[in-house]
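In: return atomic coordinates for the entry below.
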Amino acid sequence: MDPTNRDSMMDEARGGALPPGLTEEEALELQLELTKVDDEIQTLKQVLTAKERHAGELRRRLGISPLSEIKNNITKGWHEVQSSNAYMRTSQTLGDLNHRVTSSNLYLTASATLEDISRSDAYKKTQETFSQAGQLTSSALSTMGSAIRNRFGEMRNSATFRSFEDKMSKVVGSGANGDDERPPPGNNSAF
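Out: Predicted coordinates for the structure are as follows:
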């Protein structure tokens with residue numbers, strides 16, 4: 001080590017109070033080791049950056065997009081979760097709980113009651129009434145739509161509507177015969 005570096009390190013080691021039980025020589029050795037480790041860390045960061053850049057280039061050349069990488073990572077992660085002991089124990093516990101609930105008297109009673117209700121005459125009549133109401137509403141809306149469509153068709157063929165359409169087409173700029181005659185600005189005689 002060159003003497004100026006050694007002096008610089010000694011000054012740095014002396015810069016603060018030395019921890020109890022640490023000599024200047026030990027502080028210098030530790031400072032040298034710290035500098036060496038910091039240099040190694042910097043070198044490793046540069047190598048890692050270069051490797052990541054190279055991996056990115058290889059992925060690009062292989063046609064692997066960032067989206068497909070994310071998808072693969074998620075799939076792999078989900079597979080790892082599913083094969084974990086915690087997931088398997090939780091899945092087993094939930095399965096047992098489901099079995100206990102569906103086997104319980106309360107569940108069986110409620111299920112039977114709902115089944116009885118769906119077979120009852122009142123339920124069937126209500127269901128039939130709602131079905132008929134839906135059909136009648138649909139029919140009424142369809143009839144009303146047809147009536148409105150027919151009325152608009154009649155209006156379109158009326159002299160009043162044609163006169164209004166002709167006036168509007170002159171204002172917009174294309175007359176009934178297809179020419180582009182526009183009234184002068186400020187002339188609202190078309191109305």
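In: got the contact list for residue 78?
Out: Listed by CB atoms under 8 Å, 6 or more residues apart in numbering, residue 78 has no contact partners. All C-beta spots, glycine's among them, are computed from the backbone N, C-alpha and C.
In: any idea how far residue 90 is from residue 97?
Out: 10 Å (CB to CB, to the nearest Å).
In: correction: residue 122
Out: 43 Å.
In: higher neighbour count, these two?
Out: Neighbours per residue (other CB atoms under 10 Å) separate residue 122 from residue 90, with residue 90 holding more: 11 against 8.
In: could the C-alpha coordinates of the host helix or strand of the more buried one be exported in CSV?
Out: Element membership for residue 90, per DSSP states H and E: helix 85-103. Extracted C-alpha coordinates of helix 85-103, given in CSV (Å, rounded to 0.1, in the frame of the first residue of the first chain):
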residue,chain,number,x,y,z
ASN,A,85,-47.6,-27.2,3.5
ALA,A,86,-49.6,-24.2,4.7
TYR,A,87,-51.9,-24.2,1.6
MET,A,88,-52.4,-28.0,1.8
ARG,A,89,-53.3,-27.8,5.5
THR,A,90,-55.6,-24.9,4.9
SER,A,91,-57.3,-26.7,2.0
GLN,A,92,-57.7,-29.8,4.1
THR,A,93,-59.2,-27.8,7.0
LEU,A,94,-61.6,-26.0,4.7
GLY,A,95,-62.6,-29.3,3.1
ASP,A,96,-63.3,-30.8,6.5
LEU,A,97,-65.3,-27.7,7.6
ASN,A,98,-67.3,-27.9,4.4
HIS,A,99,-68.1,-31.6,5.0
ARG,A,100,-69.1,-30.8,8.6
VAL,A,101,-71.4,-27.9,7.5
THR,A,102,-73.1,-29.9,4.7
SER,A,103,-73.5,-32.9,7.0
